[in-house]
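J.: Take a look and give me a structure for this.
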Amino acid sequence: MIKFCVRLVQRWLPEPFIFAILLTFVAALIAMPVCHQTSIEVVEHWGGGVWNLLAFAMQMALVLVCGSALAAAPAVKRSISALARVPKTPAGAIALVTVVSALACWLNWGFGLIVGVIFAKEMARQLQGIDYRLLIASAYSGFVVWHAGLSGSIPLTMATPGEALVKATNGALTAPVPVGQTILDPHNLVMVLLVIVGITLANTLMHPKQGAVTVDPALLEEDAITHHSSLITKPTPAQRMEQSPVLSWLIGLLLVAYLVLKLGFRGGQLDLGTVIMIFLALGLLLHGTPVAYVRAFGKAATGAAGIILQFPFYAGIMGIITGVGASGIGLGNVLADACIRISNPTTYPLLTFLCAAILNMFVPSGGGHWAIQAPIMFTAGADLGVDPGLTGTAIAWGDAWTNLIQPFWALPALAIAKLSAKDIMGYCLIDLLITGAIICGGLLVWAL
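T.: Now for the predicted structure:
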């Protein structure tokens with residue numbers, strides 16, 4: 001089964017950008033007959049949607065880059081190196097990488113995604129005989145719990161009061177839904193725990209007894225971040241400012257002060273902007289000098305190249321899916337309505353999850369899912385008497401689940417690991433099947 005999945009993916013999965021192009025035409029070809037839209041309408045929907053997620057794309061890129069820059073801080077790297085010396089066997093290394101990555105992704109998806117793969121590379125340096133492809137796949141597999149965690153965009157959006165929440169849900173939500181009913185609900189926490197246990201066992205058992213594909217030493221080489229301060233005998237005033245820890249601490253502490261005021265005294269929410277600010281502050285403080293952070297940030301930004309390139313195309317796909325032509329029918333509405341027609345209060349969360357999982361292949365974005373599903377699914381859920389926290393959590397899990405085989409979010413990890421998507425997605429396909437069974441069962445139990 002494992003060999004079949006690996007060979008299947010290696011043969012048929014194209015480069016992620018090609019995948020995005022193919023999905024664009026698939027969405028267009030479905031929308032025309034199903035929604036009775038003309039080719040001109042589809043093109044207009046696509047073009048009109050390309051730039052609709054620029055603000056969200058910037059947030060996603062900053063979460064990723066700030067998380068990566070923080071992971072490159074000397075103190076964080078020393079901690080990762082020390083932890084990498086703990087396991088003594090390949091199976092133990094696979095298990096530890098999976099757990100660390102999953103827990104870190106639950107805390108913050110950008111930080112966890114980067115820390116996981118950096119930890120995996122350090123493990124490969126220190127322990128011989130590990131299958132490198134499976135090791136990186138294990139690091140990425142922890143990403144499946146991100147949207148059920150503290151940086152999940154849909155639960156955090158639901159917890160944010162304001163007119164935007166009412167408008168996005170067509171009036172179904174007139175008051176915010178606290179994270180105690182979504183992220184921190186006991187049902188969700190149990191699902192997270194079971195998913196982490198499931199992928200840890202699966203990844204460990206997938207490691208071959210013999211014939212492991214070990215790492216090419218060239219893939220483990222790192223480009224050192226040099227400051228050149230030791231070569232400067234007579235620093236200029238500008239160079240003194242660049243190397244001054246005082247400036248980093250001043251701006252870092254200013255960020256911390258604002259965060260304390262917002263979260264501790266003003267009742268602010270842990271939204272995406274707040275998460276970015278937290279990691280920006282920690283990165284500035286831990287790197288010590290402004291120039292050190294600038295160079296770490298610049299190096300980390302290369303990992304976001306795939307996201308920056310592909311996000312407009314996925315926004316265009318979202319335009320096709322949400323676009324309504326003269327027929328008055330939108331593709332997203334068709335899929336959501338099909339889910340609603342065959343639902344009852346017990347099966348509705350499960351079908352909402354599956355609907356989100358399908359949409360995620362075309363729109364791998366929590367913000368995109370919110371735009372497409374929130375106006376329909378919360379209204380239908382309210383009519384069926386389904387708790388809105390459960391509806392939102394089902395959408396969030398669906399968005400995260402198929403990331404295991406949607407290579408979009410693997411791009412930063414693959415850039416660090418110096419591998420291609422087809423190297424890891426075969427193993428992730430096994431994890432997809434296992435986690436799917438756990439999540440489906442968990443949602444059914446929650447709905448009872």
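
J.: got the phi/psi numbers for the most centrally placed residue in the chain?
T.: Per C-alpha atoms, centre = their mean, the C-alpha nearest to the average position across the chain is that of residue 109, at 5.2 Å. As for residue 109, its main-chain torsions (degrees, to the nearest 10) stand at phi -60, psi -40.

J.: That one: what's its closest spatial neighbour, skipping adjacent residues?
T.: Computed as C-beta to C-beta, 6 or more residues apart in numbering, the closest residue to residue 109 that is not its neighbour in sequence is residue 146, at 3.6 Å. Using the backbone N, CA and C atoms, a C-beta is placed for each residue, glycine as well.

J.: Run a quick neighbour tally on the one you found.
T.: 27 (other C-beta atoms under 10 Å).

J.: What's the separation between the residue lying closest to residue 62 once chain neighbours are set aside and residue 310?
T.: In this structure, residue 62 finds its nearest non-sequential neighbour in residue 276, 4.9 Å apart by C-beta to C-beta, 6+ apart. Using C-beta to C-beta, to the nearest Å, we find residue 276 at a distance of 20 Å from residue 310.

J.: thinking again about what came up before, who are the packing partners of the one helix or strand the residue nearest to residue 62 maps to?
T.: Per DSSP states H and E: residue 276 is located in helix 272-287. Identification of packing neighbours for helix 272-287 by 3 or more C-beta pairs under 8 Å, 6 or more residues apart in numbering; DSSP states H and E yields helix 54-71, helix 74-84, helix 109-126, helix 245-259, helix 290-301.

J.: Quickly note the distance from the residue lying closest to residue 412 once chain neighbours are set aside to residue 190.
T.: Distances taken as C-beta to C-beta, 6+ apart place residue 303 nearest to residue 412, at 3.9 Å, with adjacent residues excluded. According to C-beta to C-beta, residue 303 stands 33 Å off from residue 190.

J.: Compare these two (neighbour count), which wins?
T.: Higher neighbour count among residue 303 and residue 190: residue 303, with 22 against 14, using other C-beta under 10 Å.

J.: Residue 276 and residue 310: which is more packed in?
T.: residue 276 (23 against 20).

J.: so who does the more buried one touch?
T.: 59, 62, 63, 66 (C-beta atoms under 8 Å, 6 or more residues apart in numbering).

J.: from those residues, which single one is nearest residue 355?
T.: residue 59 (24.5 Å; C-beta to C-beta).

J.: What distance do you get for residue 60 to residue 36?
T.: 34 Å.

J.: So those two - more neighbours on which side?
T.: With neighbours defined as other C-beta under 10 Å, residue 60 and residue 36 compare such that residue 60 has more, 24 against 13.

J.: All set, thanks.
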